[in-house]
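In: could you work out the structure for the sequence below:
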Amino acid sequence: MWVLFRGGEEGILVLNCTIPSVPGEIPNLKVENRNITAEQASAVAEEVFNLVGSVRRIEDAYLVENEARLFVIFDQGGFLYDHGPYGGNSPSGETAKQVAGELLGKLRDNGLTPSHPSVEIENADPSIDSAVRVTFPIKFENISIGEIAIDVGEGGEVVQARGDWKEVIPEENISIMTPKEELDILPEKLTQHLEEELERYGVPGYPSITKIIVQNIAPPTYFVTLTAPQDYLLPIYLFEFKIEWSSKHPVYDDSNLIYSVALSAIDGGYVYGTSLTGIA
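Out: As a prediction, the model looks like this:
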């Protein structure tokens with residue numbers, strides 16, 4: 001497929017993956033404010049994480065902290081927990097899954113998971129690093145709306161936990177763009193974003209994009225910004241791709257680098273993605 005790139009030059013868009021089949025409409029998810037109080041934040045921190053400490057308001061959340069340990073609960077849903085500096089040996093995957101499953105039960109009992117009956121929380125295999133991370137995907141009608149990730153360290157200690165989700169109420173369905181429609185505007189969005197990066201950092205004489213090789217198109221998901229308020233969850237498409245440049249890239253050396261970009265499934269607007277300059 002031939003498309004126009006930066007500077008009026010021609011480039012090639014290559015599709016190296018299958019295009020997912022998607023519905024024409026998906027639920028419009030309105031975000032609800034839960035009106036959390038300082039007393040509730042303190043009680044949940046103690047009940048779930050055995051954390052007793054000072055409580056203070058920080059923008060759209062409450063923070064409970066005691067020395068290096070902290071817990072943040074957000075008005076619209078979601079939370080953060082950090083045990084502080086950690087070292088030691090990682091537990092087995094099975095031990096981590098058991099500990100994370102027990103913690104998930106406490107999270108449910110204390111309002112730290114979405115309450116709508118159509119929301120499902122799934123299990124996933126743990127990944128092992130210095131601690132073992134167990135991730136629970138959260139879905140609404142089989143579409144991702146976030147996740148809960150729990151890091152389990154030596155002796156079954158929960159060293160970090162994060163709930164990336166919002167409390168939602170479904171409204172009428174909304175129409176979304178097709179993957180083909182998004183592909184048609186992908187080169188334009190990438191070149192626009194490249195120009196914006198170059199202008200922001202004052203970089204002249206940059207190479208042009210000559211080829212985009214799309215490696216994967218994920219089915220629509222909902223974009224959640226844990227630390228910022230949202231009125232509605234934004235449906236997005238996530239693209240993974242390689243780029244060929246008109247000359248050697250000044251920052252990236254690996255020609256096999258996989259870039260990613262999220263575009264709004266409503267209007268194709270740029271949401272987030274890999275820095276094209278490597279400066280950001």
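In: so in this structure, which strand runs the longest?
Out: strand 234-245 (DSSP state E).
In: and the helix or strand just after that one, which residues are buried?
Out: Downstream of strand 234-245, the next assigned helix or strand under DSSP states H and E is strand 259-264. Within strand 259-264, the residues that count as buried by 16 or more other CB atoms under 10 Å are 259, 261-264. For the C-beta atoms, the positions are set from N, CA and C on the backbone; glycine is no exception.
In: one more: stretch 210-222?
Out: 210-214, 217, 220-222.
In: closest one of those residues to Lys189?
Out: Nearest to Lys189 out of the buried residues of stretch 210-222 is Ile212 (CB to CB; 10.7 Å).
In: for whatever helix or strand the closest one lives in, C-alpha coordinates in CSV please.
Out: According to DSSP H and E, Ile212 maps onto strand 209-217. The C-alpha trace of strand 209-217 is given here as CSV (Å, rounded to 0.1, in the frame of the first residue of the first chain):
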residue,chain,number,x,y,z
ILE,A,209,10.1,7.2,7.5
THR,A,210,10.2,5.2,4.3
LYS,A,211,8.5,2.0,5.3
ILE,A,212,6.2,0.9,8.2
ILE,A,213,5.9,-2.9,8.7
VAL,A,214,2.9,-3.6,10.9
GLN,A,215,3.7,-6.7,13.0
ASN,A,216,0.6,-6.9,15.2
ILE,A,217,-2.8,-5.2,15.6
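In: and the angle from the longest helix along the chain to strand 209-217?
Out: Longest helix in the chain, counting residues (DSSP state H): helix 179-201. Relative orientation of helix 179-201 versus strand 209-217 (axes from the mean of the first three to the mean of the last three CA atoms, to 10 degrees): 130 degrees.
In: could you list the buried residues of stretch 155-175?
Out: Buried residues in stretch 155-175 (16+ other CB under 10 Å): 158-168.
In: go through these and name the one nearest Leu15.
Out: Asp164 (30.2 Å).
In: list the buried residues of stretch 273-280.
Out: So stretch 273-280, judged by 16+ other CB under 10 Å, has buried residues 273-274, 276-277.
In: now tell me which helix or strand of the protein has the poorest mean pLDDT.
Out: In the chain, the helix or strand scored least confidently by mean pLDDT, DSSP states H and E is strand 2-4, which has a mean of 47.
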